[in-house]
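Peer 1: Predicted structure and sequence below. I'll ask about it afterward.
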Amino acid sequence: MFSLGTETFSLPLEEKLKYEQGDSGRSFGYKKIGGNAVDASGLSDASEFMNIAKDDVLAFPRVVHRDYPSTVTAAMASVVRPFVCKSLEVNNTFLRVFNHQLGLPETSLEGLHARDQQSCSEARLIKAPPIPGKALADRPIIGAHSDFGSLTFLHNILGGLQVILPGETEWKYVKPIPGHAICNIGDSLSVFSGGILKSAVHQVVPPPGEQGEHERWSLVFFTRPNNTQVLHALVEDSPTIAESVKQYPVEKFNTGSTAIEWFYRRIKYQRLNNRVGPESWAASRGTEHDPDAK
């Protein structure tokens, strides 16, 4: 998958822009450097993405959502599909563990993330250019956020990922460890669990020290709920979740939003082409500014 990233991002910009994700809120496809805001001021991001939909991968060669560059299409069966299938297998293992610990009926969480249902789940290839020195050390490559879906698995080689730990206010680096992936819980799983599971608030900054002299490559798989699933606490299925929800205002876990509506809103309003002012950034937020989510 990292080699596929090298091939894909080496394509001419005009070729990559044929597969641009656009400004409607859809994520699948290409995002150029500087396409997104990283904060309320409208500061632009410093990484390029190629997002490949889980649904397109599993249905290939049939197209569900969109087409992709020739490099991706050529590797779909031999490289991308095995990565997506293994990612789903690992994530479902986590969902089964959480399902048991939350006291939910068997396979409840897996059913909300069904392999054969359309969702915004996707694989993402990420490249950021070298940012040596300290002049831009405080400029985020990717702004502070909680993930939009349920589970995120991140494979990265260089440092730069930072997280705010529960009860703290200072950013801490997450050191890459060979042979390991980093797992984040996202907003959807936080809502489903009635606040028992917390969304990890994180950002990406230029890699520290000599690492900043190198390109920064990352590979991610995002597991997100079925598109039509309404995001709300699963209080009717779990006494444990019902008890947790009692600690919070009654409206806290009644988002009134389907998974796809939640996702499209967050994607759409961080796009700089859709920016009106700070209110655009606010419209793109999830649980980042909720103290109970950290």
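Peer 2: Ah, there it is.
Peer 1: Please identify the buried residues of the lengthiest helix in the chain?
Peer 2: For the chain, the longest helix by residue count, based on DSSP state H, is helix 81-101. Residues of helix 81-101 classed as buried under the neighbour-count rule (16 or more other C-beta atoms under 10 Å) are 83-84, 87-88, 90-92, 94-95, 98-99. Every residue, glycine included, has its C-beta placed from N, CA and C.
Peer 1: Also stretch 244-260?
Peer 2: Buried-residue list, stretch 244-260, by 16+ other C-beta under 10 Å: 244-245, 252-253, 255, 257-260.
Peer 1: all helices of the stretch 1-150 of the chain, in order?
Peer 2: With DSSP state H, counting those that start in this stretch as the criterion, the stretch 1-150 of the chain has helices at 2-9, 13-16, 54-59, 70-75, 81-101, 108-112.
Peer 1: Of all those, which one comes closest to V276?
Peer 2: Taking C-beta to C-beta as the measure, the helices of the stretch 1-150 of the chain were each checked against V276, and helix 13-16 came out nearest at 27.0 Å.
Peer 1: Now do that closest one: everything it contacts.
Peer 2: 8-9, 30, 32, 48, 50, 69 (C-beta atoms under 8 Å, 6 or more residues apart in numbering).
Peer 1: for the helices of the stretch 1-150 of the chain, which one sits closest to S199?
Peer 2: Across the helices of the stretch 1-150 of the chain, S199 has its closest neighbour in helix 81-101 (13.7 Å, C-beta to C-beta).
Peer 1: how big is the angle separating that closest one from helix 2-9?
Peer 2: 120 degrees (axes from the mean of the first three to the mean of the last three C-alpha atoms, to 10 degrees).
Peer 1: what is the rounded mean pLDDT of helix 81-101?
Peer 2: Mean pLDDT, helix 81-101: 97.
Peer 1: And stretch 12-28, by the same measure?
Peer 2: If you average the per-residue pLDDT over stretch 12-28, you get 95.
Peer 1: tell me which residues of it are tucked away?
Peer 2: Counting neighbours by 16+ other C-beta under 10 Å, the buried set in stretch 12-28 is 16, 19, 21-22, 25-28.
Peer 1: Among these, which pair sits farthest apart?
Peer 2: Of all pairs drawn from the buried residues of stretch 12-28, the one with the longest distance (C-beta to C-beta) is K16 and G25, at 20.0 Å.
Peer 1: which residues does V245 contact?
Peer 2: Contacts of V245 by C-beta under 8 Å, 6+ apart are 194-195, 233, 235, 252-253.
Peer 1: Show me the shaky parts of the stretch 101-250 of the chain.
Peer 2: Along the stretch 101-250 of the chain, segments meeting pLDDT under 70 span 133-138.
Peer 1: For it, which segments are assigned as strands?
Peer 2: For the stretch 101-250 of the chain, applying DSSP state E, counting those that start in this stretch gives strands covering 122-128, 142-145, 151-156, 161-164, 171-173, 182-185, 202-204, 216-223, 230-232.
Peer 1: Would you mind giving those strands as CSV with distance to V79 and mean neighbour count added?
Peer 2: As requested, those are arranged in CSV below (distance: least, C-beta to C-beta, whole Å; neighbours: other C-beta atoms under 10 Å):
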stretch, distance to V79, mean neighbour count
strand 122-128, 10, 22
strand 142-145, 24, 20
strand 151-156, 14, 21
strand 161-164, 24, 19
strand 171-173, 30, 14
strand 182-185, 21, 19
strand 202-204, 24, 23
strand 216-223, 11, 23
strand 230-232, 32, 17
